[in-house]
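Novice: Predicted model, plus sequence, below.
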Amino acid sequence: MAGKILVIEDEPDLAMGLKDNLEFEGYDVFIAHNGEDGLELAAREEPHCVLLDIMLPGMDGFETCHALRKNNVRSPILMLTALSAEVDKVKGLDLGADDYITKPFSIKELVARIRAALRRYEPTPAPRKRRKLTIGKATILLDKSIIEMEGREIPLGHYETQILTMLSQNPGEIIDRQHLLSEIWGLDNEPMNRSVDNHIVSLRRKIEDDPKKPRHIITVHGFGYKIVK
Ligand code: CA
């Protein structure tokens, strides 16, 4: 079995089209037409990946994303959006989403993104030492994918947790951007290159006092990133 995918999409034709195509690719597909049903299905089926439309009746995709993470859904969340504005992308990442796919998209592109997401997702990670990281005022619980900061809990997406894990393994050292891309997203994903940058922006908004003047997640132009605790 290739994996279970939950599709939260209110347009019946699009939802059915996705179901047919993804089943053809070997996935088990569950459909919810609104956020509330999506939350229920996520709890019941424990999908390996969630495709989440933004414009939904009732709870929108952003609220649904936030609620999924609050409910301890750790699977990669790929947001489906007709909005391509950068600000919306970062908003979803703030709430714990992992990736964006702008409508209209090809099934080929979608399947490539799902594969990349699933490759890095371990549904039942082996028990290990609790991984905890302190950056500035933020305490990052890598195993729980949350940031604790000033009495608040901020959800981290799957990719963001991976990025922080990689950066924190060698604090102060520069991690090559291409290395992050190949380790986290898989090789040869040229169209997804901006994903790293979007996630870095989102992480800064979560961790930095002034995300425009980052002091902890530093860009080293032409090379990559480093973490300064
Ligand atoms: Ca919709």
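Specialist: Here it is on my side, so go on.
Novice: Point to the helix or strand of this protein where mean pLDDT is at its lowest.
Specialist: Scoring the helices and strands of the chain by mean pLDDT, DSSP states H and E places helix 86-94 at the bottom, with a mean of 74.
Novice: After that one, heading C-terminal, what element do we hit next?
Specialist: Note on helix 86-94: by DSSP states H and E, the next helix or strand toward the C-terminus is strand 99-102.
Novice: contacting residues for Leu52?
Specialist: Going by C-beta atoms under 8 Å, 6 or more residues apart in numbering, Leu52 touches Ile8, Gly38, Gly61, Thr64, Cys65, Leu68, Ile77, Leu78, Met79, Leu80, Ala97. Yep, even glycine has a C-beta here, placed from its N, CA and C like the rest.
Novice: And the furthest pair within those residues?
Specialist: Within the contacts of Leu52, two members stand farthest from each other by C-beta to C-beta: Leu68 and Leu80, at 14.4 Å.
Novice: Between these two, point out the one with more neighbours.
Specialist: Leu68 (27 against 22; other C-beta atoms under 10 Å).
Novice: Disregarding residues adjacent in the polypeptide, which is nearest to the more buried one?
Specialist: Distances taken as C-beta to C-beta, 6 or more residues apart in numbering place Ala42 nearest to Leu68, at 5.9 Å, with adjacent residues excluded.
Novice: Check the secondary structure at the one you found for me.
Specialist: Classification of Ala42 by DSSP: H, G, I helix; E, B strand; the rest coil places it in helix.
Novice: I'd guessed it sits against Leu6; true?
Specialist: Yes. Between Ala42 and Leu6 there is a contact at 5.7 Å, judged by C-beta atoms under 8 Å.
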